[in-house]
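>>> okay, predicted coordinates and the sequence, questions at the end:
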Amino acid sequence: METIRDLIPPPHIQGIKHFVDYALVDEILRSKNFRQGSHQESQPFFGDSLLTIDHDVHFERRRLQAPLFRKEALEYYEHKELLPLIDKALEECKENRDETGIVRTDLCALVRTMLARISAVTTGIDDVDTPERTDAFRTYIEQLGTGATVEWSTEDHSEVISRILKIREGFVQEFYGPSVERRKKLIEQFRNGDLSEDELPRDLLTLMYLHWNEEWDEELPLREATLYLVASSQTTTHAVPHMMIHLHEWFEEHPEDFEKRFDRDFLKQAGHEAIRLHLPSPALLRIALEDVTLSNGTTIKKDERVACLFTPANRDKTVFGDNARSFNPYRETPNVKPWGFAFGGGEHTCIGRTLVTGLSARTDNDEGTDGTLVNIAAALYKAGIEIDPLDLPTYTELSHHDAYGRFPILLTNL
Amino acid sequence: MASKVFNLRIDREICQGTGYCVRISPELFELEDSLHAKVLNDAPPAEFEEKILEAATLCPTRAITY
């Protein structure tokens, strides 16, 4: 099957200037003369969240949230939350044994389950503990993700927004509301001197209610929480299936590398390649704050929206070499980040990038965590992952994203 | 107790020039015209520890090591 596809710009980015060269995309993302121009239809889900605000306000919001991504916090998420949850999710898979004794499951759903709890912990959603609650929570995240990326949907956009807003009410009632209420009470106890700050949960919702800004609307924490929930699981859920299929092909062509499926450095580079080639956000829009002339002479008028197409930029031969369009876990990218624009760029670079790729910004600078991609891939190989030869993966038809909708696997060592 | 010794550095190849580090600590960082941050003092005294940690965590590309 075809595993590397070109980006076909969806309707919402047609008819505006496109930038596909790595250097120009980088220039636009770094420039202070632009503001965020994506997520206009998805405002009900992401409006005024960290993703959609710029400059001073963005800096202050990011500064507020930065403690969640300190080295100690990341080490805690990975070692105390992620690794046990990966094991637990695989253990639960054993219930899906077929009549021949083989464990079968869907990789997309499995990865979402593995990440659900860590998304809950960083965001501040309680009671995602039993398989039933995790399953319900995972489904909500999936649905919220559909609403938050409605611009890319192949369905009727207004119908998607109405449907997901309704679903969000259930999420608020079942998960979000009780979690917020608990945090408000704890903060009140802290303010009354009955609790120390160290006894408060360390998550997004606690931070926001503890440092409430009068300019925020009441629903902002819900939209910020939606961003955290969707983003913290989407990148990895999107990337792992691509990583597995590319490695499957790589091992077929390079059988001598098969033993490296447990080599964490090899997996790290494979993960970088997978997200370089298959970006969870394949394009972002920017709006010029004033007339701008780029270094190549292109002019952009004030208030003009332009599209940075990350997929072709991440396959730019001048940056990633002549074989930029292919998967190569040995690729060297001395002058750029190995994942290119997989986490955006400039001030909007994804705040949670380290959760996915580990603390090191580059492959040669390991600082203590490996990130979700390496840990999940290593666990899948230990569990004996094989792509189901009788039921091959298929791409989603509900979105223009380069994403798998179904990815049946066998776990032969469970 | 010996005070912590820092070796403050910025990886220029991944620095995106947001200037966040400069806003956190203009005593330690400066933004060049090329939109790359530069370290002004690579061995700052221990009193800067909190600012160094904040700048390193807040840097969108985590280009700061210490």
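Great, that's in hand.

>>> can you list contacts of the longest helix belonging to chain B?
Using DSSP state H, we find that the single longest helix of chain B is helix B:49-58. With C-beta atoms under 8 Å, 6 or more residues apart in numbering or on different chains as the test, helix B:49-58 has contacts from A:62-63, A:66-67, A:69-71, B:4, B:6, B:8, B:20-21, B:24-25, B:28-29, B:44, B:62, B:64-66. In this view, the C-beta of every residue, glycine as well, is placed from N, C-alpha and C.

>>> what's the closest non-adjacent residue to whichever residue of chain B sits closest to chain A?
Chain B approaches chain A most closely through B:P60 (3.6 Å), counting by C-beta to the nearest C-beta. Leaving aside its sequence neighbours, B:P60 sits nearest to A:T349 (C-beta to C-beta, 6 or more residues apart in numbering or on different chains; 3.6 Å).

>>> contact partners for the closest residue to A:L380 other than its chain neighbours?
Distances taken as C-beta to C-beta, 6+ apart put A:M244 closest to A:L380, at 6.9 Å, once the chain neighbours are dropped. Contacts of A:M244 were listed using C-beta under 8 Å, 6+ apart, and they are A:107, A:377, A:380, A:385, A:387, A:407, A:409.

>>> roughly how far apart are the nearest residue to the fifth one once chain neighbours are set aside and B:T65?
Closest residue to A:I387 apart from its sequence neighbours, by C-beta to C-beta, 6+ apart: A:H248 at 5.6 Å. Plainly put, A:H248 is 36 Å away from B:T65 if you go by C-beta to C-beta, to the nearest Å.

>>> tell me the helix or strand right after the longest helix of chain B.
Downstream of helix B:49-58, the first helix or strand assigned by DSSP states H and E is strand B:64-65.

>>> for that next one, packing partners?
strand B:9-10, helix B:49-58 (3 or more C-beta pairs under 8 Å, 6 or more residues apart in numbering or on different chains; DSSP states H and E).

>>> mind putting these in JSON lines, mean neighbour count included?
Compiled in JSON lines, the helices and strands packed on strand B:64-65 are given as follows (neighbours: other C-beta atoms under 10 Å in any protein chain shown):
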{"stretch": "strand B:9-10", "mean neighbour count": "16"}
{"stretch": "helix B:49-58", "mean neighbour count": "19"}
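
>>> in JSON lines, list those along with mean pLDDT.
Formatted as JSON lines, those follow (pLDDT from 0 to 100):
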{"stretch": "strand B:9-10", "mean pLDDT": "93"}
{"stretch": "helix B:49-58", "mean pLDDT": "93"}
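
>>> state the helix or strand in which the residue nearest to A:L380 lies.
Per DSSP H and E: helix A:220-253 holds A:M244.

>>> list the helices and strands the next helix or strand after that helix packs on?
Using DSSP H and E, the helix or strand that directly follows helix A:220-253 along the chain is helix A:264-277. The helices and strands touching helix A:264-277, judged by 3+ C-beta pairs under 8 Å, 6+ apart, are helix A:220-253, helix A:353-357, helix A:371-382.
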